[in-house]
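Novice: what shape does this take:
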Amino acid sequence: MHATTVRTPCSHRVGQYARGSASASPSPHPSLHSSLSPFPSSPPPPSRASSVAMEPVAKLSDDLIGEILLHLPQDDPACLLRISLVCKRWRCILADPAFRRRYRALHRDPPVIGLLRVGKYHIPFSSRFVPIHPGSRRPAGRDLLGWRVLDCRHGRALFMTQAPRPNERILDFIVWDPLTNKHQRLPRPPPMLGKLFNAAVLCAAAAGSCDHCGCHGDPFRVVFIYTTLPAAGAATGNVTSARVYSSETGDWSELTSVQHPVAFVDQMHDFITLVGDVLYFHGDDAYSISYQLDAQRLSVIDRPPQSMFNGHLWLLRSIEDNGRLGFVGVEEKPSFCIRLLWRETSRDRVARWVQGRTIKLQTLLPEVTLPSPSGPQEFPNAKVVGVAEGTDVIFVHVRTHGFGDVYMIQLNSGRAKKVVPYYGSVFPYTSFCIPV
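Specialist: The predicted structure is shown next:
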């Protein structure tokens, strides 16, 4: 199809999808346009055959075209970009807010369209955003110098960065929107005691009526949690405390704390998941720490015992049963397999861990030559390094050569894709993206 065979102007009042959207629709990027035609400025006239072929499409109403475009795949922004370059008429339909609302409502779950990874863990920090589909051009891949990613949720990413004074060791928080490239530096929270901390970002209506399909521009909250270790010889245990920042008030909440003999949080254990109105922080190998948003209460929960899983576990939330807390990990022996564990609560409110599915890694990655199992004191040769919250997508690192590669795996369909050569944790970015 050639872009000049449909001549309906964008400003024409057509259908429910194109009303009032002409002024908000920028022209296509010239480099993208040139990849579709060798003469972007003065394209040759269409042949008679192509004009005849386009006549049935040109006669379709905008409402009907919109219904067809609604079923474009939501996990491939590059496909949406190519469709927007067909003609101004289709571009206007895709750009209309009414179409975007219906598109999100139809597909419901935002797809994974990128991931964030740490480039440098210590000052001066650095992070990198890696698009899953580079051809979409939005959101674009970029290096984020001076920022270290801590969390990513509901269309926002949270970073820590060094305070403006170069000699100051105090850290600040920044919230960034990858789609708009807008960022906000938060007011500094009251000083913490100790160096063990972590933080999470989430929609302000996380436990409310929001479906989180397009709320990246709405109010948000940041939960800052840290652990203070007792002085040497003291009889008291670790004290973990939390404060919450609200973008609506522009301030931090009062402190809430919980004491436990050994449990702690740390940004190096960067595993956080949201289940209902409760945030779960990974903690150490035996315990995780939860923060209930509405009640503003901290608690400590037991992790699955080593008798159920001997390896590296990652927090996750199930997509069935309205969400429940679970863990996922890769066991290396006797053969590499992905194992799921779920937390169940009985009628008398007693929680226990139960075994879930087991999936052989070789069946998901048939073209990959898996390494030998690692030794007792060695780093694992395969492990989970990220989970896309609210989806069935996990990210698994496999050490095949050098540092190895990270694969994106859909647990339900069994689809797998190599996304980046890397060895550390990744923070999946989920969002609906119509790059128009």
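Novice: phi, psi of G114?
Specialist: phi -170, psi 180 (degrees, to the nearest 10).
Novice: measure the closest residue to it other than its chain neighbours to A235 for me?
Specialist: Spatial nearest neighbour of G114, chain neighbours left out: Y429 (4.2 Å); criterion: Cβ to Cβ, 6 or more residues apart in numbering. Every C-beta, even on glycine, is put in place using the N, C-alpha and C of the backbone. Using Cβ to Cβ, to the nearest Å, Y429 is found at 45 Å from A235.
Novice: next: L255.
Specialist: 22 Å.
Novice: cool, and S127?
Specialist: On the measure of Cβ to Cβ, S127 and A235 end up 41 Å apart.
Novice: more neighbours: L255 and A235, which one.
Specialist: L255 (12 against 5; other Cβ atoms under 10 Å).
Novice: residue contacts, the more buried one?
Specialist: 190, 241-243 (Cβ atoms under 8 Å, 6 or more residues apart in numbering).
Novice: and those residues, which two are furthest apart?
Specialist: P190 and A242 (12.1 Å; Cβ to Cβ).
Novice: the two: who's more crowded?
Specialist: Using other Cβ under 10 Å as the criterion, P190 and A242 rank with A242 on top: 23 against 9.
Novice: show the pLDDT at the more buried one.
Specialist: Listed pLDDT for A242 reads 95.
Novice: give me the beta-bridge partners of it?
Specialist: I225, T256 (DSSP bridges).
Novice: now do stretch 341-358: everything it contacts.
Specialist: Contacts of stretch 341-358 (Cβ under 8 Å, 6+ apart): 301, 304-305, 308-309, 313, 318, 324-328, 337-340, 411.
Novice: neighbours of R100, how many?
Specialist: R100: 18 neighbours (other Cβ under 10 Å).
Novice: one more: T249?
Specialist: 9.
Novice: ok, G402 next?
Specialist: Around G402 there are 8 residues (other Cβ under 10 Å).
Novice: same check on E367?
Specialist: 6.
Novice: measure it to P373 for me?
Specialist: 20 Å.
Novice: again with W353
Specialist: Counting by Cβ to Cβ, the gap from W353 to P373 is 24 Å.
Novice: show me which of the two is the more surrounded one.
Specialist: Comparing W353 with P373 by other Cβ under 10 Å, the one with more neighbours is W353, at 18 against 15.
Novice: against C433, how distant is the residue nearest to the more buried one when sequence neighbours are not counted?
Specialist: Among residues not flanking W353 along the chain, P304 sits closest, at 4.4 Å (Cβ to Cβ, 6+ apart). P304 sits 36 Å away from C433, taking Cβ to Cβ as the criterion.
Novice: the two: which is more packed in?
Specialist: Applying other Cβ under 10 Å to P304 and C433 shows that C433 carries more neighbours, namely 26 against 20.
Novice: any idea how far the more buried one lies from D285?
Specialist: Distance from C433 to D285, by Cβ to Cβ: 37 Å.
Novice: ok, A295 next?
Specialist: Applying Cβ to Cβ to A295 and D285 gives a distance of 27 Å.
Novice: can I assume Q362 sits in a helix?
Specialist: Yes. Assessed with DSSP: H, G, I helix; E, B strand; the rest coil, Q362 lies in a helix.
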